[in-house]
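J.: What follows is a protein structure lacking sequence information:
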């Protein structure tokens, strides 16, 4: 077992453990914080995969924005600090079953795929993944259209979120 | 070196955990947390496929970037809906919001 | 290759030789040496941090026409150590019903978010933690952790002042991240790289000279990220007693405090790196890495001093005005500036250096002037709207 | 700037002014009239520059300024539009530019700019005056801006007509003017008489326009072009003259000429379509001046002059033209002598003078007709503006006394105004003498004399005597008008308090009176000047014709006739009306003349009554309500019966009971039994979905893969 494998296993365990805590912990703020640690683990996985840019963007977007947003949302939708009542619904056993079935099915199917045990080739020296990514995102031959569509999607989401969460009864104090 | 299978299994496991969260949690915010986990699992897959095939073809990373954008949109709208729901119905429990039933 | 040309590598090679000599695995020795290096860097930073306390107190005293610490040691230099001893021996309180794990984790994260930044700071051409190719983005990523620490502190304290302070600070930090990230792209455009060392290497002329407006926006956003005056709403004493760190005492408060000072110093350093040529100064950095470190620290200190200068001369801004300032002025301006800069950069790509510089400065001036004119007219119309709205009321009386 | 470009630009300022006023400056009277007068000034300036350049060209008729662009694609070729400046359009442009500019200037004063808003003025009614410090003063026109907008559009139409190089754009300008005359005659649409007059003017000219459009279409179908340059070529004219049509034995040229001439009859108010013009006096006076002097009626004559090469090809048409012209000249003059309304007299006088021009054309007196067109435009504009000034002054008196029953337009309410309104009097006198053909001095004398000389010289004796008698009547009623209005003593209290009008109104009067005298001198025949000065007008305009008309030799008969009719008419007019105190003493109040030979009544009986009977009784009552409604009423019950049968025997038992209710019950049964699955809980749905997906994908996997 090489050092990289050990590091991977540590990170993977950390990520999965955090993920399990996200879905099981009773305190929602803790769940959100566990999500943060899961996201850190995923960022580390990206780093292991030599995707530095994705790793850093993962931290910026997921932890810097999305996780914070979750914490805000949790705090805005509570009557007191404690979470009362059961946090898991009555069909939880079905959920476990389906999840396990999905996991098993995925592994079963992947096992027969030829590239399953492939190892990565060395990155070529001087490989500039950021430059390539940037070009791919804005090149007309590659992904400029999805990129623009994503921008439009973000704008629409922005407007929609403001509209949905806006409370007309509260009004605008400026006016 | 780490074989590709490890990443795929990690992603599958993360996906299943997230799916459990979506299926079992009562709180709408917690359901969205589960969705996040699933999306992250997908992203791990995308990036690992980039790394384990032709690294000069950036499709995997590009798709993961687009997943970021989609996630951001989904979370903002989803949480806005949750907050709106809390305002109107005074609850964030997904099962209490069942007015569409017969 | 002598110690004086590349001290880090020579020392690391020597240490690894020593450890392998003791019969240690080569990999393990490498990891151990890396950890030692990190430990060393953190230790130096903490010492600087302690020194920064003295600097801050001394400078504010001068601003306020006082002497500042002058009793313990020469010029009061030992005063920070006395402060630390006081903080350590204070009672370490934890409020009842607080979320203990989160509560105790927050100051650590706060400190960590600052220290992690130094992983990508190039102290000298050959001396830096890691040569990350997305160094500039890393700055923002670390800021995200700082945001997290503040909201954790605010929430875990089980105190509404702390929670409101945390909310405010987080709202500010999340908002000001956007203009900051945007203007970060301006040095990246010039240097065509996100690598810190590459950005410094490309700065034959300081980027401050060709993008003064960008440097200014970065400074404003950095001050907001730091939560220092005039943007110190998280700890607006008049409203929130002390803000998100109200329940912290002893060394936990000390860590927040030290984190903030070091953060300010670090941003001074980043400002120097991104807009003032980092460790470069008249070719002196070629002489010796130690001279390069000295240059960087001096520049960072100057940046830190500018931040202090702002802090002690400006009054606090109201939270809604501050967010409006960001969303309605700073963010659009940063976007516009980025577009203009990219456009000018492409247009003047093959122009002679003087024309390039002139064009860039002009573009900056014009952009800034237009932005200020728009803001001014908007303000005027808003004022007229408000005053016009009052008139009927007066007539009613 | 090249002359061609400048010609293109001439119609532009008024059009721009129209749109700017209508779209933007309607609220601001100041801005609106600045735009309007400014536009008129710019066009005037352009017109003068072009006229000056045109004078500098040696053989303008052979080498006119022209420029054309492709406009409409018509199959293989293009319909071209363009501008043309030859001697005819240059002279026309000269008087059009001057009169339009003067009328714009005059309108500022006429509509009381600078006066306060009226106390109870309404849009669509003439202003009633405002009370300031206990005095009644004139009030500003409520729709001031609108007036300038319409006037600018009118000017645009006239300029387009004048500078266009083809029949089509000429017709476009023609129609724009038609619209504007409708809008402006009905400017005070609050008055019923104004509304009716507007409709009458529009409908009557429309009759002529339809014939004209037919003529244009026929012309295009024969020659394949509408450009003057193409259709006036020798071979084309020759072809036109030789193609028979089989209608009334006319050649193509004759028929086209006839149709175009009917358009002119409508536009220039010739018998029998003259009825609209007197009624058009309902509009504000600048409009009357615009319509009767500068633009619209001139446009009709201009069109005939322009199309003269075609019209003159067929002698039958020419005879018709001459007949119409001469008859109209006499006929309108007889009506004019019995009118009491100051503007109405002028209106009939206009019709009469237009008859002179048409008659001149009918006897091939091309130059004389053009000459009279120009001089008439100047002195008739002057007379209309002068009469407007008189009315304005009288209205001042009416406002002073407050007796609104006094008609400020009735000449028998005036008298002695020469002392009150000296500038108006002297300029009106100049205009009136010009109209009468006062010998030697006035422009009217020379132009009218030339027509008479032409008629005599070419042996059109009937025309000669008719026109001579008409000229006599003209002098007579002109003097009657002057005597009644200005001379003697004031017959009413209001006339005593009349007042001179402001400078914006008198300046145009003075300017136009200069032309009314001076313009005659450019066309003096050789015998009058003794050959010292060449007959410039004859040379300039005469060069338009392929066969250059020789200048006539001196003949004593027409000259003596001219002198006699002018001086005799004037003298008789003065002495007959010197002491008349009221309309009852006027021996010429003959009911036939007074009622315009009963033409309105005749048209009412011949056309309007039948049309109303046809629409109201025949179409509406008999056809529509009787026949068509009857058929429809028959359909109703039939359809109802069929529908009822279908409903009772197919719809209710089969469709409703079996298909409708049956399927509903089946659906309802399914719904009832599937209802428990619908819990409304999203997670349960998701769970079920996933289970189903899992089962199906597992099945597919094992069935297809294994």
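T.: Received, thanks. If you're wondering where the values come from, they're calculated on a predicted model, not measured in any experiment. Numbering: from 1, shown residues only, chains lettered A, B, ... in the order given.
J.: Need the nearest residue in space to the residue in the stretch 51-200 of chain C that chain A sits nearest to, chain neighbours excluded.
T.: Going by Cβ to the nearest Cβ, chain A is nearest to residue C:144 of the stretch 51-200 of chain C, at 2.9 Å. C-beta coordinates here come from the backbone N, C-alpha and C atoms, glycine included. Leaving aside its sequence neighbours, residue C:144 sits nearest to residue A:64 (Cβ to Cβ, 6 or more residues apart in numbering or on different chains; 2.9 Å).
J.: Flag every residue of chain C that's near chain A.
T.: C:27, C:31, C:97, C:99, C:102, C:132-134, C:137-138, C:140-141, C:143-145, C:147-148, C:151-152, C:155, C:158, C:163, C:167, C:170, C:174, C:177, C:181, C:194 (Cβ under 8 Å from any Cβ of the partner chain).
J.: If we use 6 Å, what do you get?
T.: C:27, C:133, C:134, C:137, C:138, C:140, C:141, C:144, C:147, C:151 (Cβ under 6 Å from any Cβ of the partner chain).
J.: now, which of the residues you listed sits nearest residue A:22?
T.: residue C:151 (17.1 Å; Cβ to Cβ).
J.: thinking again about what came up before, for ChimeraX, what selects the buried ones among the residues of chain C next to chain A?
T.: Command for ChimeraX that selects the buried part of these, burial taken from 16 or more other Cβ atoms under 10 Å in any protein chain shown:
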select /C:133,134,137,138,140,141,144,147,151
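J.: Redo the residues of chain C next to chain A as a markdown table? Include pLDDT and secondary structure.
T.: Shown next, in a markdown table, are the residues of chain C next to chain A (pLDDT from 0 to 100; DSSP: H, G, I helix; E, B strand; the rest coil):
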| residue | pLDDT | secondary structure |
| --- | --- | --- |
| C:27 | 78 | helix |
| C:133 | 81 | coil |
| C:134 | 83 | coil |
| C:137 | 86 | helix |
| C:138 | 87 | helix |
| C:140 | 85 | helix |
| C:141 | 86 | helix |
| C:144 | 84 | helix |
| C:147 | 86 | helix |
| C:151 | 85 | helix |
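J.: per-domain residue ranges of chain A.
T.: Domain segmentation of chain A under automatic domain parsing yields A:1-78, A:129-175.
J.: Let's have the ones you listed in CSV, adding mean pLDDT and mean neighbour count.
T.: As requested, those are exported to CSV (pLDDT from 0 to 100; neighbours: other Cβ atoms under 10 Å in any protein chain shown):
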stretch, mean pLDDT, mean neighbour count
domain A:1-78, 88, 21
domain A:129-175, 80, 13
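J.: got the residue ranges for the helices in the stretch 151-300 of chain C?
T.: Per DSSP state H, counting those that start in this stretch, the stretch 151-300 of chain C carries helices over the ranges C:160-191, C:196-201, C:207-210, C:212-226, C:237-240, C:250-275, C:289-313.
J.: Show me what the mean pLDDT comes to for the fifth one.
T.: The average pLDDT for helix C:237-240 rounds to 68.
J.: try the fourth one
T.: Across helix C:212-226, the average pLDDT comes to 90.
J.: Is any residue of the longest helix seen in chain B near chain D?
T.: Determined from DSSP state H, the single longest helix within chain B is helix B:59-89. No. Contact check for helix B:59-89 against chain D, using Cβ under 6 Å from any Cβ: none in range, with a minimum separation of 11.7 Å.
J.: would residue D:131 count as being in a strand?
T.: Yes. Assessed with DSSP: H, G, I helix; E, B strand; the rest coil, residue D:131 lies in a strand.
J.: Now do the same contact list for it.
T.: Counting by Cβ atoms under 6 Å, 6 or more residues apart in numbering or on different chains, residue D:131 makes contact with residue D:119.
J.: Check chain D and tell me which residue is nearest its centre.
T.: Nearest to the geometric centre of chain D sits residue D:296, at 3.9 Å (Cα atoms, centre = their mean).
J.: Can you check the pLDDT for that residue?
T.: Confidence score, pLDDT, at residue D:296: 78.
J.: backbone phi and psi for it, please?
T.: phi -60, psi -50 (degrees, to the nearest 10).
J.: Spell out which residues of chain D are next to chain A.
T.: Close to chain A, as judged by Cβ under 6 Å from any Cβ, chain D has residues D:687, D:690, D:694.
J.: 8 Å instead, please
T.: D:683, D:684, D:687, D:690, D:691, D:694, D:697, D:698, D:701.
J.: List, out of the residues you listed, those positioned next to chain B.
T.: D:683, D:687, D:690.
J.: Confirm for me that residue D:262 is in contact with residue D:206.
T.: No. Assessed by Cβ atoms under 8 Å, residue D:262 is found out of contact with residue D:206, at 11.8 Å.
J.: So between these two, which is more surrounded?
T.: In this view residue D:262 and residue D:206 are compared by other Cβ atoms under 10 Å in any protein chain shown, and residue D:262 has more residues nearby, 22 against 14.
J.: dump the residue contacts of the residue of the stretch 51-200 of chain C closest to chain A.
T.: Taking Cβ atoms under 8 Å, 6 or more residues apart in numbering or on different chains, we find residue C:144 in contact with A:59, A:60, A:63, A:64, A:65, A:68, C:177.
J.: what about the longest helix of chain B and chain C, any contact?
T.: No. In terms of Cβ under 8 Å from any Cβ, no part of helix B:59-89 sits within range of chain C; the closest distance is 12.3 Å.
J.: to the chain's geometric centre, what's the distance from the lengthiest helix in chain D?
T.: In chain D, assigned by DSSP H, the helix with the most residues is helix D:366-401. Here the centre of helix D:366-401 is set off from its chain's centre by 17 Å, with Cα atoms, centre = their mean, to the nearest Å.
J.: and what of stretch B:83-94?
T.: 21 Å.
J.: Just the buried positions in that stretch, please.
T.: B:83, B:84, B:85, B:86, B:92, B:93, B:94.
J.: Could you tell me the end-to-end distance of that stretch?
T.: 12 Å (Cα to Cα, to the nearest Å).
J.: domain assignment for chain C?
T.: Split by automatic domain parsing, chain C gives C:1-89, C:91-318.
J.: which of these sits most buried?
T.: Neighbour counts (mean count of other Cβ atoms under 10 Å in any protein chain shown) averaged over each of these peak at domain C:91-318, with a mean of 21.
J.: In CSV, list the contacts of residue C:144 along with secondary structure and distance to residue D:443.
T.: Putting those into CSV (DSSP: H, G, I helix; E, B strand; the rest coil; distance: Cβ to Cβ, whole Å) gives the following:
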residue, secondary structure, distance to residue D:443
A:59, helix, 96
A:60, helix, 91
A:63, helix, 97
A:64, helix, 92
A:65, helix, 89
A:68, helix, 93
C:177, helix, 87
